[in-house]
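Novice: This is a predicted model, with the sequence first.
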Amino acid sequence: MTEYSVAIPTEPIGSIPRPLALIEAVKAHDEGLIMASELDALYRDATLDTLQRFEQTGSPVISDGEQWKYHNFATYALHGLENMEPDGFRLQFIGHHRTWPRLTSGPFRYARYADAFLADAMRLTSRPVKQAVIAPSALSLMYPDTDLPGYSRDEYLAAVLTEHEREVRACLALGAHTVQVDFTEGRLATKLDPSGALLNSFITLNNLALDRFSDADRDRIGVHTCPGGDRDSTHSADVDYAELLPSLFELRAGRFFIALAREDDRERVLRLIGKYLKPYQRAYIGVIDVLDPRLETAEKVRDAVLLAAEYIRPAQLGTTDDCGYSPFSDDTSTSRDLAFDKIRARVAGTALASKYLSTRVRR
C-alpha cells in the first residue's frame, strides 16, 4: 500500500466586476464627455488593482479580470470597426437581452487583439496569467442572415479563423498559462436549434481553428461553456447538458471549463463528463456559483471536488468558477469584494480536496 499525491489545479474564468468609477467613465466616454486618455488611466488602475487582489487570494493562476475589454467579453475585438452596426444577433437572458454587432461589409479584421491585454497584465505580475478570447463560433453570429454583396459568409468565416489564429498564437507566444476560448453559445445553440445542426456547425468551425495548432499548443488551449451569466440571469440554463456534452468533448482542446455549481443534478452531469471526456483532456468543473450572492465555504467547495472525483479521474480534474463574474462591463450585480472572496473559497476548498485525495491509500 502506498500513499500518492494529488494536486487538483484551479483557474478562474476571466472577468471581475469593474470598479464603479470605471463603469461610469466608459459610459461618459461613449457619450463623448471624456477623452480616451482619461479612460485608459482608469483601465490601468483597475487592472493593477485586480491583479494585486487576485494575488492575495492565493490563486495559482490569475487573470486581468477583463478590465480592458470595454463593453464585454465577446465584442472587444470589434469595438470601433466601421463595418459593424449595433443591431445584430439578440442574446436573450431572463428578463433582459444583449445585442451583438452586425457586419455590414467586408473585409473583416479585428480592431484589437487580446494579446495586448495579456502583455499589460504580465508586466504587472509574476503569477501565471490566463487569457480569454472569443470563439470563432460566437463571431459567426455577427454575419447577417442574408449574404452581403461582394463578401460571402464563407469569406467572412475564413477571415474569422485567420484572425482568431493570430490572436491565440500571439497569446501563446507571450507565455499565457492558458488561452481560454469562450464558447457560451454552445449550450445556447441547442435551444436555438433543437435539431443539433447549429451546434454541429459551431463544433466544426471551432475545430477548424483548433486544427491549426500543435498538440502542445492545444494542451494550453481551453474551452469554456456555461449557460450565460449577466445581471444574475442566464440564457440557456434550461437546456439539458446531455444535449451539449457529447459534442463538446469532440472539440480538439486540452482543457474544458464547465459551469456546474448551479446545476440541480450535478451527479448526472459529472457522470456525463466522465463518460465523454477523452484521455488527453482535463475537465475544470465549476464549484462556485457566480450568480448566488451567498459566499461558498471552503468545505463546500471541497465536497464538490470530492464528489467530482467519484466520476472523473483526479488526474483529469480541475476546478473553476461557473462563469466570469461580470462578462458585461456594466453589470454591478456582484461586488468586487464578493468576487474575490468567492475565488479565495475556490482556492482554499480545492486545496482541501487535494490534501484529502492525497491521503487516500491505493492498494
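Specialist: The structure has been received and is ready for your questions.

Novice: Please make it C-alpha for all contacts and neighbour counts, starting now.
Specialist: Will do.

Novice: Sketch out the strands for the stretch 251-363 of the chain, chain order is fine.
Specialist: With strands called from DSSP state E, counting those that start in this stretch, the stretch 251-363 of the chain shows them at 255-258, 282-288, 317-321, 361-362.

Novice: got JSON lines for these, with distance to A119 too?
Specialist: Output for the strands of the stretch 251-363 of the chain, formatted as JSON lines (distance: least, C-alpha to C-alpha, whole Å):
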{"stretch": "strand 255-258", "distance to A119": "22"}
{"stretch": "strand 282-288", "distance to A119": "25"}
{"stretch": "strand 317-321", "distance to A119": "23"}
{"stretch": "strand 361-362", "distance to A119": "44"}
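
Novice: Columns distance to T332, mean pLDDT and mean neighbour count on top of those, output as TSV?
Specialist: What follows is the strands of the stretch 251-363 of the chain, written out as TSV (distance: least, C-alpha to C-alpha, whole Å; pLDDT from 0 to 100; neighbours: other C-alpha atoms under 10 Å):
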stretch	distance to T332	mean pLDDT	mean neighbour count
strand 255-258	23	98	26
strand 282-288	18	98	27
strand 317-321	18	98	26
strand 361-362	46	46	10
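
Novice: closest one to S126 among these?
Specialist: Distance to S126, taken as C-alpha to C-alpha, is lowest for strand 317-321 among those, at 20.8 Å.

Novice: How about residues contacting the closest one?
Specialist: 8-13, 257-259, 282-290, 305, 308-309, 343, 346, 350 (C-alpha atoms under 8 Å, 6 or more residues apart in numbering).

Novice: got it, and stretch 51-58?
Specialist: 62-65, 121, 124-125, 127, 340-341, 343-344, 347.

Novice: Any of those buried? List them.
Specialist: Using 16 or more other C-alpha atoms under 10 Å as the burial test, the contacts of stretch 51-58 include I62, S63, D64, G65, A121, T125, R127, F340, D341, I343, R344, V347 as buried.

Novice: Next, format these as CSV and append pLDDT and distance to R187.
Specialist: Formatted as CSV, the buried ones among the contacts of stretch 51-58 follow (pLDDT from 0 to 100; distance: C-alpha to C-alpha, whole Å):
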residue, pLDDT, distance to R187
I62, 98, 26
S63, 97, 24
D64, 97, 26
G65, 97, 24
A121, 97, 31
T125, 97, 34
R127, 97, 32
F340, 98, 27
D341, 98, 28
I343, 98, 25
R344, 98, 28
V347, 98, 27
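
Novice: ok so, going back, which among the strands of the stretch 251-363 of the chain is found nearest to A116?
Specialist: strand 255-258 (23.0 Å).

Novice: returning to that earlier point: any idea which of the strands of the stretch 251-363 of the chain gets closest to R112?
Specialist: Nearest of the strands of the stretch 251-363 of the chain to R112, taken as C-alpha to C-alpha: strand 255-258 at 24.8 Å.

Novice: Kindly format the C-alpha coordinates of the closest one as CSV.
Specialist: Extracted as CSV, the C-alpha positions of strand 255-258 are listed here (Å, rounded to 0.1, in the frame of the first residue of the first chain):
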residue,chain,number,x,y,z
ARG,A,255,-8.9,21.9,-21.2
PHE,A,256,-12.6,22.4,-20.6
PHE,A,257,-14.1,24.8,-18.1
ILE,A,258,-17.6,23.7,-17.4
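
Novice: Give me the distance from that strand to the chain's centre.
Specialist: Averaging C-alpha positions (C-alpha atoms, centre = their mean, to the nearest Å) puts strand 255-258 9 Å from its chain's average.

Novice: So what touches it?
Specialist: By C-alpha under 8 Å, 6+ apart, strand 255-258 touches 13, 219-226, 281-286, 319-320, 322.

Novice: Likewise for stretch 75-93?
Specialist: 69-70, 97-106, 110-114, 134, 141-142, 144, 228, 230, 233-236.

Novice: among these, which are in helices?
Specialist: Among those, no member falls in helices (criterion: DSSP state H).

Novice: Weed out the non-buried ones from those.
Specialist: Buried among these (16+ other C-alpha under 10 Å): 69-70, 100-106, 110, 112-114, 134, 141-142, 228, 230, 233-236.

Novice: Quick one: the buried ones among the contacts of stretch 51-58 as TSV, columns for distance to L248 too.
Specialist: Formatted as TSV, the buried ones among the contacts of stretch 51-58 follow (distance: C-alpha to C-alpha, whole Å):
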residue	distance to L248
I62	25
S63	24
D64	27
G65	25
A121	30
T125	33
R127	30
F340	29
D341	30
I343	26
R344	29
V347	26
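
Novice: Spit out the contact partners of A216.
Specialist: Per C-alpha under 8 Å, 6+ apart, neighbours of A216: none.

Novice: Sorry, wrong one. I was asking about K27.
Specialist: Taking C-alpha under 8 Å, 6+ apart, one finds nothing in contact with K27.

Novice: Just the pLDDT for it.
Specialist: On the pLDDT scale, K27 is placed at 91.

Novice: Brilliant, that's me finished.
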